[in-house]
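Asker: Any chance you could fold what I've pasted below:
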Amino acid sequence: MNDTLDTLENITYDELNEGDTATFTRTLTEDDLYLFAAVSGDVNPVHLDAEFAANSMFKERIAHEIGRASCRERV
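Answerer: Down below sits the predicted model:
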């Protein structure tokens, strides 16, 4: 495997070696938050309303945890 992977590269199970690593990075967008809220039904304002979230314990909007978890499952 490459030390730096700029594009998605599929490998077979037999090509995996102990110590191989991979990195997946994704920036969640405004659209991602609204779309996930729509499909999940989780319209909690801490995810969608910046003013509400600013007055919450988080101090800013936060992503849906299950949405972030689903990103991790891609790896």
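Asker: can you pull the pLDDT of S40?
Answerer: S40 is assigned 87 on the pLDDT scale.
Asker: pretty sure it contacts A63?
Answerer: No: if you go by C-beta atoms under 8 Å, S40 and A63 don't touch, sitting 11.6 Å apart. Backbone N, C-alpha and C define where each C-beta goes, glycine included.
Asker: For T23, see how far away the residue of the chain most remote from its centre is.
Answerer: Ranked by distance from the centre of the chain (C-alpha atoms, centre = their mean), the top residue is D14, with 28.2 Å. Counting by C-beta to C-beta, to the nearest Å, the separation of D14 from T23 is 22 Å.
Asker: Please export the C-alpha coordinates of stretch 44-53 as CSV.
Answerer: Extracted in CSV, the C-alpha atoms of stretch 44-53 (Å, rounded to 0.1, in the frame of the first residue of the first chain):
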residue,chain,number,x,y,z
ASN,A,44,-32.8,18.8,17.6
PRO,A,45,-32.0,22.5,17.3
VAL,A,46,-28.5,21.9,18.7
HIS,A,47,-27.7,20.4,15.3
LEU,A,48,-29.6,22.8,13.1
ASP,A,49,-30.0,26.2,14.8
ALA,A,50,-26.7,28.1,15.4
GLU,A,51,-28.3,30.6,17.8
PHE,A,52,-29.9,27.9,19.9
ALA,A,53,-26.6,25.9,19.9
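Asker: Only the buried residues of it, if you could.
Answerer: Neighbour-count burial for stretch 44-53, counted by 16 or more other C-beta atoms under 10 Å, picks out V46, H47, L48, A53.
Asker: Please apply the same query to stretch 57-66.
Answerer: Within stretch 57-66, the residues that qualify as buried by neighbour count (16+ other C-beta under 10 Å) are R61, H64.
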